[in-house]
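> Okay, structure incoming, though there's no sequence with it:
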């Protein structure tokens, strides 16, 4: 099944060179919600970029997705640090909710 916004190519986990094991729910893709509707892409890169190199940010643009974004990091450990550091962060008066993106599995018929 296809992931929203063509994020399937970012789901692979890079080789762990530090020997630390991460929980299975940790991915390089963060799903961010409760964003201010007028937040700029530059503000997103400034805020999330403090935790590491970002490959891509996809921000919601229609009535259903406005106030949400997907943030894709180059490194899974940077994504984990951003998740831990920015969950509940006050961005322009809104407390953002940061979760790991999880691929939906189709239900058995």
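In hand now; what should we look at? This structure is a prediction, so every number in the text was calculated from the model and none was measured.
> Please count neighbours and contacts with C-alpha atoms only from this point.
Will do.
> For whichever strand or helix holds residue 57, which helices and strands make contact with it?
Element membership of residue 57, judged by DSSP states H and E, is strand 54-59. Packing contacts for strand 54-59, counted by 3 or more CA pairs under 8 Å, 6 or more residues apart in numbering; DSSP states H and E, involve helix 41-48, strand 69-73.
> what pairs with it, and is each one parallel or antiparallel?
Paired with strand 54-59 in the same sheet, following DSSP bridges, are strand 69-73 (antiparallel).
> Average pLDDT for the strand it pairs with, rounded please.
Averaging pLDDT along strand 69-73 yields 97.
> by how many degrees do that strand and helix 41-48 diverge?
50 degrees (axes from the mean of the first three to the mean of the last three CA atoms, to 10 degrees).
> what does strand 69-73 contact?
Contact partners of strand 69-73, identified using CA atoms under 8 Å, 6 or more residues apart in numbering, comprise 10, 28-33, 48, 52-60, 79.
> After the host helix or strand of residue 82, which helix or strand is next?
Using DSSP H and E, the element containing residue 82 is helix 76-86. Using DSSP H and E, the next helix or strand after helix 76-86 towards the C-terminus is strand 90-91.
> Run the chain-centre distance for that following strand.
16 Å (CA atoms, centre = their mean, to the nearest Å).
> Which elements pack onto it?
Taking 3+ CA pairs under 8 Å, 6+ apart as the contact cut, strand 90-91 packs with no helix or strand.
> Quickly run through the sheet partners of that strand, with directions.
strand 94-95 (antiparallel).
> how far away is the spatially most central residue of the chain from residue 72?
For the chain, the residue nearest the mean C-alpha position is residue 30 (1.5 Å; CA atoms, centre = their mean). Residue 30 is 6 Å from residue 72, where distance means CA to CA, to the nearest Å.
> now swap in residue 29 and tell me
4 Å.
> quick one, the strand holding residue 57 and helix 76-86 angle?
Using the same axes, to 10 degrees: strand 54-59 against helix 76-86 is 50 degrees.
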